[in-house]
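K.L.:
Need a 3D model of the following:
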Amino acid sequence: MNRARLSLRPFDLGRDVITLHGWVTQPYAQYWGMLTASISEVRDEYLRIEQTGHHQAFLGEYDGRPAFLMERYQPAYDVVGGVYDPAPGDIGMHVLVAPPEHRLPGFTTAVFETILDYLFSDPLVDRVVVEPDIRNTKIQALNQRMGFRKHSIVQLPDKQAWLSFCTRDQYADAVQLNEAG
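P.N.:
This is a model prediction of the structure:
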(Lines give C-alpha, C1' and ligand atoms only; values in the text may rest on other atoms or scores of the structure.)
Protein backbone atom coordinates (compact mmCIF):
# COMPACT_ATOMS: atom_id res chain seq x y z
CA MET A 1 0.00 0.00 0.00
CA ASN A 2 1.52 3.31 -1.08
CA ARG A 3 0.94 5.77 1.79
CA ALA A 4 1.99 8.68 -0.44
CA ARG A 5 -1.43 8.37 -2.05
CA LEU A 6 -3.11 9.21 1.30
CA SER A 7 -3.61 12.76 2.55
CA LEU A 8 -5.51 14.64 5.25
CA ARG A 9 -7.30 17.96 5.01
CA PRO A 10 -9.72 19.84 7.25
CA PHE A 11 -13.31 18.59 6.98
CA ASP A 12 -15.32 20.99 4.80
CA LEU A 13 -18.86 21.08 6.15
CA GLY A 14 -20.43 22.22 2.87
CA ARG A 15 -18.46 19.88 0.65
CA ASP A 16 -18.07 16.73 2.79
CA VAL A 17 -21.24 16.26 4.84
CA ILE A 18 -23.16 14.29 2.20
CA THR A 19 -20.20 11.92 1.74
CA LEU A 20 -19.88 11.46 5.49
CA HIS A 21 -23.63 10.89 5.84
CA GLY A 22 -23.31 8.07 3.30
CA TRP A 23 -20.67 6.44 5.50
CA VAL A 24 -22.12 6.88 9.00
CA THR A 25 -25.54 5.50 8.05
CA GLN A 26 -24.22 2.14 6.85
CA PRO A 27 -24.32 -0.90 9.14
CA TYR A 28 -20.53 -1.24 9.32
CA ALA A 29 -20.46 2.21 11.00
CA GLN A 30 -22.79 1.21 13.83
CA TYR A 31 -20.26 2.24 16.50
CA TRP A 32 -20.24 5.79 15.12
CA GLY A 33 -23.76 6.11 16.55
CA MET A 34 -25.41 7.81 13.57
CA LEU A 35 -27.07 4.95 11.68
CA THR A 36 -30.43 6.73 11.50
CA ALA A 37 -29.10 10.30 11.29
CA SER A 38 -30.36 12.63 8.60
CA ILE A 39 -27.99 14.74 6.52
CA SER A 40 -29.09 17.71 8.62
CA GLU A 41 -28.25 15.88 11.87
CA VAL A 42 -24.79 14.94 10.56
CA ARG A 43 -24.26 18.56 9.47
CA ASP A 44 -25.37 19.82 12.91
CA GLU A 45 -22.96 17.44 14.69
CA TYR A 46 -19.98 18.47 12.56
CA LEU A 47 -20.90 22.15 12.88
CA ARG A 48 -20.88 21.63 16.66
CA ILE A 49 -17.46 19.96 16.43
CA GLU A 50 -16.15 22.80 14.23
CA GLN A 51 -17.30 25.41 16.75
CA THR A 52 -15.83 23.84 19.90
CA GLY A 53 -12.25 25.03 19.46
CA HIS A 54 -10.98 21.77 20.98
CA HIS A 55 -12.30 19.16 18.54
CA GLN A 56 -11.50 19.10 14.82
CA ALA A 57 -12.53 16.84 11.96
CA PHE A 58 -10.35 15.94 8.98
CA LEU A 59 -11.20 14.15 5.77
CA GLY A 60 -8.65 11.66 4.56
CA GLU A 61 -8.29 11.13 0.86
CA TYR A 62 -6.82 8.38 -1.27
CA ASP A 63 -5.70 9.69 -4.66
CA GLY A 64 -7.78 12.82 -3.99
CA ARG A 65 -11.01 10.89 -3.26
CA PRO A 66 -12.67 10.77 0.19
CA ALA A 67 -11.52 7.62 2.02
CA PHE A 68 -11.66 8.19 5.79
CA LEU A 69 -12.59 10.60 8.55
CA MET A 70 -10.35 11.47 11.48
CA GLU A 71 -11.34 13.50 14.49
CA ARG A 72 -8.75 14.98 16.82
CA TYR A 73 -9.89 16.24 20.22
CA GLN A 74 -8.59 17.47 23.56
CA PRO A 75 -9.53 14.80 26.14
CA ALA A 76 -9.76 17.37 28.95
CA TYR A 77 -12.76 18.95 27.16
CA ASP A 78 -14.41 15.66 26.23
CA VAL A 79 -16.47 13.19 28.27
CA VAL A 80 -13.49 10.81 28.23
CA GLY A 81 -11.65 13.36 30.36
CA GLY A 82 -14.09 12.55 33.15
CA VAL A 83 -13.04 8.89 33.34
CA TYR A 84 -9.27 9.36 33.52
CA ASP A 85 -6.86 12.16 34.42
CA PRO A 86 -5.79 13.71 31.08
CA ALA A 87 -2.08 14.48 30.97
CA PRO A 88 -0.46 17.37 29.15
CA GLY A 89 0.40 16.03 25.71
CA ASP A 90 -2.68 13.80 25.41
CA ILE A 91 -4.72 14.03 22.21
CA GLY A 92 -7.87 12.04 21.46
CA MET A 93 -8.59 10.43 18.11
CA HIS A 94 -11.57 8.89 16.34
CA VAL A 95 -11.37 7.29 12.90
CA LEU A 96 -13.91 6.01 10.39
CA VAL A 97 -12.79 4.40 7.14
CA ALA A 98 -15.10 4.71 4.15
CA PRO A 99 -16.76 1.59 2.80
CA PRO A 100 -14.35 0.21 0.19
CA GLU A 101 -15.19 0.29 -3.49
CA HIS A 102 -12.64 -2.51 -3.79
CA ARG A 103 -10.37 -3.92 -1.11
CA LEU A 104 -6.74 -2.85 -0.98
CA PRO A 105 -4.46 -5.00 1.19
CA GLY A 106 -2.96 -2.94 4.01
CA PHE A 107 -5.24 0.05 3.41
CA THR A 108 -6.57 0.43 6.96
CA THR A 109 -3.08 0.06 8.42
CA ALA A 110 -1.85 2.78 6.03
CA VAL A 111 -4.74 5.02 7.10
CA PHE A 112 -3.81 4.55 10.76
CA GLU A 113 -0.15 5.26 10.05
CA THR A 114 -1.11 8.43 8.17
CA ILE A 115 -3.24 9.58 11.10
CA LEU A 116 -0.74 8.70 13.81
CA ASP A 117 2.14 10.24 11.84
CA TYR A 118 0.06 13.42 11.59
CA LEU A 119 -0.86 13.47 15.28
CA PHE A 120 2.70 12.74 16.44
CA SER A 121 4.11 15.37 14.05
CA ASP A 122 2.92 17.87 16.66
CA PRO A 123 5.79 18.05 19.19
CA LEU A 124 3.26 18.81 21.96
CA VAL A 125 1.56 15.41 21.49
CA ASP A 126 3.02 12.68 23.70
CA ARG A 127 0.17 10.19 23.75
CA VAL A 128 -2.92 9.38 21.65
CA VAL A 129 -6.10 8.40 23.50
CA VAL A 130 -8.86 6.24 22.03
CA GLU A 131 -12.06 4.84 23.54
CA PRO A 132 -13.59 2.27 21.18
CA ASP A 133 -16.78 0.47 22.10
CA ILE A 134 -15.92 -2.77 23.90
CA ARG A 135 -17.89 -4.69 21.24
CA ASN A 136 -15.77 -3.28 18.40
CA THR A 137 -13.13 -5.99 18.34
CA LYS A 138 -11.89 -5.09 14.84
CA ILE A 139 -10.77 -1.61 15.86
CA GLN A 140 -9.32 -2.92 19.11
CA ALA A 141 -7.14 -5.38 17.17
CA LEU A 142 -5.99 -2.62 14.81
CA ASN A 143 -5.30 -0.28 17.74
CA GLN A 144 -3.15 -2.97 19.36
CA ARG A 145 -1.25 -3.59 16.12
CA MET A 146 -0.52 0.16 15.93
CA GLY A 147 0.90 0.31 19.46
CA PHE A 148 -2.12 1.13 21.63
CA ARG A 149 -2.29 -0.51 25.04
CA LYS A 150 -5.60 -1.14 26.77
CA HIS A 151 -5.87 0.67 30.08
CA SER A 152 -9.39 0.00 31.42
CA ILE A 153 -13.03 -0.44 30.51
CA VAL A 154 -14.84 2.83 31.15
CA GLN A 155 -18.47 3.85 31.07
CA LEU A 156 -19.19 6.77 28.74
CA PRO A 157 -22.65 8.25 28.17
CA ASP A 158 -23.24 6.26 24.97
CA LYS A 159 -21.10 3.15 25.44
CA GLN A 160 -18.79 0.98 27.48
CA ALA A 161 -15.36 1.59 26.04
CA TRP A 162 -11.80 0.34 26.19
CA LEU A 163 -9.75 3.35 27.22
CA SER A 164 -6.46 2.83 25.43
CA PHE A 165 -3.27 4.84 24.99
CA CYS A 166 -0.41 4.95 22.49
CA THR A 167 2.78 6.83 23.20
CA ARG A 168 5.14 8.07 20.53
CA ASP A 169 7.59 5.26 21.41
CA GLN A 170 4.90 2.54 21.38
CA TYR A 171 3.83 3.70 17.92
CA ALA A 172 7.42 3.74 16.61
CA ASP A 173 7.97 0.21 17.97
CA ALA A 174 4.72 -1.01 16.37
CA VAL A 175 5.60 0.45 12.97
CA GLN A 176 9.01 -1.21 13.12
CA LEU A 177 7.41 -4.53 14.08
CA ASN A 178 4.74 -4.21 11.34
CA GLU A 179 7.41 -3.48 8.73
CA ALA A 180 9.37 -6.53 9.85
CA GLY A 181 6.32 -8.63 9.11
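K.L.:
Isn't Pro157 up against Val80?
P.N.:
No: look at Pro157 against Val80 with C-beta atoms under 8 Å: they stay out of range, at 10.4 Å. C-beta: built from backbone N, CA, C; applies to glycine.
K.L.:
quick one: Phe148 from Pro132, how far?
P.N.:
9 Å (C-beta to C-beta, to the nearest Å).
K.L.:
typo on my end, Lys138
P.N.:
Taken as C-beta to C-beta, the span from Lys138 to Pro132 is 9 Å.
K.L.:
More neighbours: those two, which one.
P.N.:
Pro132 (22 against 12; other C-beta atoms under 10 Å).
K.L.:
ok, now which ones touch the residue lying closest to that one once chain neighbours are set aside?
P.N.:
Of all residues not flanking Pro132 in the chain, Ile139 sits nearest, at 4.6 Å (C-beta to C-beta, 6 or more residues apart in numbering). When contacts are counted by C-beta atoms under 8 Å, 6 or more residues apart in numbering, Ile139 touches Tyr31, Val95, Pro132.
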